[in-house]
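Novice: how would this look folded up:
(one chain, ligands or ions: 1)
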Amino acid sequence: MSALPNELLGQRLRLSRATLDDVDEVLAAIVASFAELHTWMTWAETMPTRESLAAFASESLTRFDSDDKWSYWMRELDGGLLVGSAALTRRGGVDELEIGYWVRTDRTGRGYATEAASVLTSAAFNSDLGVATVKISMDRANSASAAVPQKLGFERDVEYERDILTPGHSGQGVAWVVRRDNWQNRTR
Ligand SMILES: CC(C)(COP(=O)(O)OP(=O)(O)OC[C@H]1O[C@@H](n2cnc3c(N)ncnc32)[C@H](O)[C@@H]1OP(=O)(O)O)[C@@H](O)C(=O)NCCC(=O)NCCS
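Specialist: Numbering: from 1, shown residues only. Okay, the predicted model is just below:
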């Protein structure tokens with residue numbers, strides 16, 4: 001059994017372990033968001049196909065079960081629309097996990113990425129993994145993404161050079177971190 005639950009609930013969102021069942025809905029969300037995803041996400045250099053998404057979902061299941069990366073699809077509780085994806089990934093050991101996310105373009109600006117990141121941060125610290133810090137990093141030019149950890153009270157950690165891999169990238173990365181005690185004090 002994995003260290004993180006198959007399902008996590010927020011105020012407005014349900015995060016469900018990424019499986020092959022939802023691949024068509026994921027593809028529809030990606031098609032509706034391709035311009036934004038292409039700007040920022042390395043996997044969206046070209047439009048994913050149903051086959052490539054099925055392969056991703058299959059690999060996600062394996063990684064979820066081996067406590068290496070926990071990928072979730074994000075759905076609205078009200079109506080069930082699939083509105084994106086969010087994941088926690090190990091970086092080296094399990095003492096630090098990193099969050100990634102994307103949100104369907106016509107559902108951005110509603111706090112969904114912030115809600116998903118909050119739910120995942122709590123899940124990481126509530127697990128038995130012994131997580132000490134949770135990190136969120138992005139290219140410095142990605143202001144919408146950088147707003148998410150700031151709203152959650154993460155602290156700005158390091159700025160670093162990174163490869164320019166998408167049309168939006170500047171080559172400067174920014175990392176934000178929160179430690180277990182700070183998160184638990186904040187949410188108590
Ligand atoms: C980045 C992304 C996940 C944000 O999702 P979201 O659900 O809109 O995020 P939230 O609503 O929780 O928070 C976004 C914040 O950024 C702000 N924002 C949006 N565009 C912005 C911009 N150009 N400059 C500064 N802030 C911006 C929003 O106003 C919001 O802050 P607020 O609640 O204080 O108003 C979404 O735009 C996306 O999927 N982008 C493409 C993929 C991507 O970049 N993923 C992250 C890779 S690191």
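Novice: Up against the ligand, what does the chain have?
Specialist: Residues of the chain lying close to the ligand (Cβ under 6 Å from any ligand atom) are 36-37, 40-41, 101-103, 108-114, 138, 142-145, 147-148, 151. The way it works is simple: take the backbone N, C-alpha and C, and place the C-beta from them, glycine included.
Novice: need the strands for the protein, in chain order.
Specialist: With DSSP state E as the criterion, the chain has strands at 7-9, 13-17, 69-76, 82-91, 93-103, 133-139, 155-161, 172-179.
Novice: need the helix or strand of this structure with the lowest average pLDDT.
Specialist: helix 180-187 (a mean of 87; mean pLDDT, DSSP states H and E).
Novice: Dump the strands of the chain into CSV; add mean neighbour count and mean pLDDT as well.
Specialist: Formatted as CSV, the strands of the chain follow (neighbours: other Cβ atoms under 10 Å; pLDDT from 0 to 100):
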stretch, mean neighbour count, mean pLDDT
strand 7-9, 14, 98
strand 13-17, 21, 98
strand 69-76, 23, 98
strand 82-91, 21, 96
strand 93-103, 20, 93
strand 133-139, 22, 97
strand 155-161, 12, 95
strand 172-179, 18, 97
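Novice: would you turn those strands into JSON lines with distance to L120?
Specialist: Shown next, in JSON lines, are these (distance: least, Cβ to Cβ, whole Å):
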{"stretch": "strand 7-9", "distance to L120": "7"}
{"stretch": "strand 13-17", "distance to L120": "7"}
{"stretch": "strand 69-76", "distance to L120": "8"}
{"stretch": "strand 82-91", "distance to L120": "5"}
{"stretch": "strand 93-103", "distance to L120": "5"}
{"stretch": "strand 133-139", "distance to L120": "8"}
{"stretch": "strand 155-161", "distance to L120": "17"}
{"stretch": "strand 172-179", "distance to L120": "11"}
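Novice: name the helices or strands packed onto the least confident helix or strand of the chain?
Specialist: helix 112-126 (3 or more Cβ pairs under 8 Å, 6 or more residues apart in numbering; DSSP states H and E).
Novice: Quick check: which helices or strands does the helix it packs on pack against?
Specialist: Packed next to helix 112-126, using 3+ Cβ pairs under 8 Å, 6+ apart, are strand 7-9, strand 13-17, strand 69-76, strand 82-91, strand 93-103, strand 133-139, helix 143-151, helix 180-187.
Novice: right, and those - which one's nearest A28?
Specialist: Between A28 and the helices and strands packed on helix 112-126, the shortest separation by Cβ to Cβ is 7.5 Å, and it involves strand 82-91.
Novice: No more questions from me, cheers.
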